[in-house]
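**Q** sequence isn't available, so here's the structure alone:
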């Protein structure tokens, strides 16, 4: 069990909860992978790689590993040769839904040209 | 009026509102500056520079400029020699309050050791 890895997977800049969230979420790709899992039902590497933002595959592989270490997702093998994994959100990852909802609301209000999601997206959090 | 600068201040990776928000917010420092303005009443460069996360001053200066271009804050001169500015959130910047609230809630639930803000913080959004 990587109990130590879990603890040191990321260095928090302070005890502030805003800061902590940003330190754990880390960069602009992690929340897009969470989005793909929450709203597009994606679970596999090849599916994430096809997202419209065109995540570079080296970054994708790195983020999936980091997200496991941080406890945001789990990886379950579904094929042995070559090894392939199915990724699922943990409760910690699932818990980001209200954050995504507020980010979408904010974008739709303040960034011209952003797509408005179907209303059920805003009723789920 | 920098209408063009406003439009091209940031390149959006897609029309997805989650992605758009991440592109505009940009990095791990911008939301901490928003936090300092929303919850600590900070308005001046020297105050932001003193935040517990120790933002490097070159990054701080750069972010304050970017945040103006993006429409998140305004800068009003309060001293001419040397020039000094008072920074205030625009409605676009103020609109990030619910995002910060959900980030704090998530951190308090899932990241051990993060400070729990006073209850009124969660009742304001």
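**A** Looks like it arrived, so ask away. Worth saying up front: this structure is predicted, and the values here are computed from it rather than measured.
**Q** any low-confidence regions in chain A?
**A** Where chain A drops to pLDDT under 70, the residues are A:1-8, A:125.
**Q** tell me where it has strands.
**A** Along chain A, counting by DSSP state E, strands occupy A:73-79, A:84-89.
**Q** between the shortest one and strand A:73-79, how many degrees?
**A** Computed with axes from the mean of the first three to the mean of the last three CA atoms, to 10 degrees, the direction of strand A:84-89 lies at 150 degrees from that of strand A:73-79.
**Q** partners of strand A:84-89 in the sheet?
**A** In the sheet, strand A:84-89 lines up against strand A:73-79 (antiparallel) (DSSP bridges).
**Q** in the strand it pairs with, what's buried?
**A** Buried residues in strand A:73-79, counted by 16 or more other CB atoms under 10 Å in any protein chain shown: A:73, A:75. For every residue, glycine as well, the C-beta is placed using N, CA and C.
**Q** how far off centre is it?
**A** Strand A:73-79 sits 15 Å away from the centroid of its parent chain (CA atoms, centre = their mean, to the nearest Å).
**Q** what does it rub up against?
**A** Applying CB atoms under 8 Å, 6 or more residues apart in numbering or on different chains, the contact partners of strand A:73-79 are A:33, A:37, A:64, A:67-68, A:83-90, A:93.
**Q** show the buried residues in the residues you listed.
**A** By neighbour count, with 16+ other CB under 10 Å, those hold A:33, A:37, A:64, A:67-68, A:85, A:87, A:89, A:93 as buried.
**Q** pick the one among those residues closest to residue A:23.
**A** Distance to residue A:23 across those (CB to CB) is lowest for residue A:67, with 13.7 Å.
**Q** so the residue nearest to that closest one when sequence neighbours are not counted versus residue A:10, what's the distance?
**A** Nearest residue to residue A:67, sequence neighbours excluded (CB to CB, 6 or more residues apart in numbering or on different chains): residue A:73, at 4.6 Å. Applying CB to CB, to the nearest Å, the value for residue A:73 to residue A:10 is 15 Å.
**Q** tell me which residues touch residue A:83, please.
**A** Contacts of residue A:83 (CB under 8 Å, 6+ apart): residue A:77.
**Q** ok, residue A:18 next?
**A** Contacts for residue A:18 (CB under 8 Å, 6+ apart) come out as B:31-32, B:35, B:100, B:103-104, B:107.
**Q** got the contact list for residue A:112?
**A** Residue A:112 neighbours (CB under 8 Å, 6+ apart): none.
**Q** now it: phi and psi?
**A** Backbone torsions of residue A:112, given as degrees, to the nearest 10, read phi -60, psi 140.
**Q** quick one, what contacts the spatially most central residue of chain A?
**A** A centroid search over chain A (CA atoms, centre = their mean) returns residue A:34, at 2.8 Å, as the residue closest to the centre. Listed by CB under 8 Å, 6+ apart, the contact partners of residue A:34 are A:72, A:89, A:93, A:96, A:100.
**Q** make JSON lines from these and add distance to residue A:44 to it.
**A** Output for these, formatted as JSON lines (distance: CB to CB, whole Å):
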{"residue": "A:72", "distance to residue A:44": "16"}
{"residue": "A:89", "distance to residue A:44": "14"}
{"residue": "A:93", "distance to residue A:44": "16"}
{"residue": "A:96", "distance to residue A:44": "20"}
{"residue": "A:100", "distance to residue A:44": "20"}
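**Q** OK, contacts around the nearest residue to residue A:110 once chain neighbours are set aside?
**A** Once flanking residues are discounted, residue A:110 sits nearest to residue B:92: 4.5 Å by CB to CB, 6+ apart. Applying CB under 8 Å, 6+ apart, we find residue B:92 in contact with A:110, B:70-72.
**Q** ok, now residue A:107?
**A** Shown in contact with residue A:107 (CB under 8 Å, 6+ apart): A:114, B:17-18, B:20-21, B:24.
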